[in-house]
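> Sequence and predicted model, in that order:
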2 protein chains.
Amino acid sequence: MGIAGIKALTFDVFGTVVDWRSSITREGQIFGRDQGVEADWERFADDWRALYQPSMSKVRSGEVPWTKLDDLHRMSLDHVLAKMGIAGISDDAIDHLNRAWHRLDPWPDSVEGLTRLKEKFILATLSNGNVALLVNMAKRAGLPWDAILGAEVAGHYKRQPQAYMKTADFLGLAPQQCMMVAAHNADLVVARELGFRTAFVCRPTEHGPSQSTNLEPELNYDFAVSDLIELAQQLDC
Amino acid sequence: MGIAGIKALTFDVFGTVVDWRSSITREGQIFGRDQGVEADWERFADDWRALYQPSMSKVRSGEVPWTKLDDLHRMSLDHVLAKMGIAGISDDAIDHLNRAWHRLDPWPDSVEGLTRLKEKFILATLSNGNVALLVNMAKRAGLPWDAILGAEVAGHYKRQPQAYMKTADFLGLAPQQCMMVAAHNADLVVARELGFRTAFVCRPTEHGPSQSTNLEPELNYDFAVSDLIELAQQLDC
């Protein structure tokens, strides 16, 4: 099956489409200013994100029942704030900070790239973000998704196979008709094993200036590009 | 809670946003021409649609396991074609006809109305249509949904309460923050009982020129309008 057989592009979002680290750092700075707290907010972003995979692991293993990413984020945030010695903050203020993940900024190429790709393909999220998070993010950032799919509606977090397979099934497509677009090799490796086409987007500063992972495609994916505008070009959009 | 508290509009689709009867009649005519079959294609549309609620009833009651609307439509279509004495058609041609529900035309006001409403509200489907059907319909018709929700991702057909409540939950909203928009009193009655705000859209020719049902709002809904442009006006969009 050539490129002509691809009907949908399914996107990882955090890191691939939006720049979570800069955005969470900014939201931490705003929180700090409002609450009169000084801290290293880049480190805060990294520490919060570091609890992301461990928090989902408990759901994947069945140790805890299905929990939305918003709620996992909140548990992780409470932990990080406690570790930073930040206390006495109102629940509303912490909830607003928790929803910083709804207010992530896109990479500079994302809106133009997606808008061009949408002319030719179905664009769906295949993210661990919950539906509300992704809808609110899209409204604010102008991300033109055709469908908000992924972990919450599949009932399984990536990189469990069901997250991918249920997304293809919701779209009424075979895995071969879907192309997974991600900045993370581990995501693409699983998608490819399941029959998805794959596109690697290099995001060398997702984790800041000293990032050492995901700087190169580790397999021979169908596409490897530097941003979503280049992907649109390569897909003749 | 006033109008200011409404965050999302959740839409019935068949009949409310798109004109299924004219579209299915047209698709039947194309099928008839291609296959050399003469028939009353308006009656075909009505007969096919008449099997819609009974087919979902079997899923609602648990008599059959979860089945996508595409697949229920196909079983109903096979039944209707057999009753019409139409046989010897290729599976591909029947499948194409079955997917006529992916190619329904919007009412003349729908795209403008939704586009205006989208500026102020989250727009989500709350339809019995499966995700692929609704995504393909939206791509073709230009319906600017923020999220494709409803029966399939909720795992329950309307008018089971879970279809509504899970949609609100996916959006991270209380029912009171959602307004159900529908051309069918029965849909709005259930939504209102569950705490949704409600808007009735009068579609007096959904069932053709001699329609006798849903010509008037049967309860005192929050809004009652003649089309989606009027709804946008009433919501200051």
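Received, thanks.

> Would you map out the domains in chain A?
In terms of domains, chain A is parsed into A:3-19+A:104-234, A:20-103 (source: automatic domain parsing).

> The helix or strand hosting residue A:53 packs against which elements?
Using DSSP states H and E, the element containing residue A:53 is helix A:52-60. Judged by 3 or more CB pairs under 8 Å, 6 or more residues apart in numbering or on different chains; DSSP states H and E, helix A:52-60 is in contact with helix A:69-83. All C-beta atoms are positioned from the backbone trio N, CA, C, and that covers glycine.

> Just after the helix it packs on, pick out the following helix or strand.
The C-terminal neighbour of helix A:69-83 among helices and strands, as given by DSSP H and E, is helix A:91-98.

> roughly how far apart are the residue of chain A most remote from its centre and residue A:95?
Ranked by distance from the centre of chain A (CA atoms, centre = their mean), the top residue is residue A:88, with 30.8 Å. Separation of residue A:88 from residue A:95 (CB to CB, to the nearest Å): 15 Å.

> before we move on, the earlier item: the helix holding residue A:53 - what's its average pLDDT?
Average pLDDT, helix A:52-60: 96.

> of all the residues in chain A, which ones are close to chain B?
A:70, A:122, A:124, A:130-133, A:135-136, A:138-139, A:146-149, A:152-153, A:170-173 (CB under 8 Å from any CB of the partner chain).

> Take those and keep only those in strands.
Among the residues of chain A next to chain B, the members falling in strands (DSSP state E) are A:122, A:124, A:147, A:148, A:149.

> Distance of residue A:35 relative to chain B?
Applying CB to the nearest CB, to the nearest Å, the value for residue A:35 to chain B is 24 Å.

> Now do the same contact list for that residue.
A:86, A:89, A:93 (CB atoms under 8 Å, 6 or more residues apart in numbering or on different chains).

> ok, and the closest non-adjacent residue to the second one?
If the residues on either side of it in the chain are set aside, residue A:89 comes closest to residue A:35, at 5.9 Å by CB to CB, 6 or more residues apart in numbering or on different chains.

> repeat for the first one
Excluding the flanking residues, the one nearest residue A:86 by CB to CB, 6+ apart is residue A:37, at 5.7 Å.

> check contacts around residue A:24.
Residue A:24 neighbours (CB under 8 Å, 6+ apart): A:41, A:44, A:45, A:48, A:49, A:100, A:101, A:104.

> didn't residue A:200 look like it was pressed against residue A:182?
Yes. Look at residue A:200 against residue A:182 with CB atoms under 8 Å: they come within range, at 7.0 Å.

> that older thread, most packed of the domains of chain A?
Among the domains of chain A, ranked by average contacts under mean count of other CB atoms under 10 Å in any protein chain shown, first place goes to domain A:3-19+A:104-234 (a mean of 20).

> measure that domain end to end?
10 Å (CA to CA, to the nearest Å).

> got a list of what residue A:41 touches?
Neighbour list for residue A:41: A:24, A:25, A:26, A:28, A:29, A:32 [criterion: CB under 8 Å, 6+ apart].
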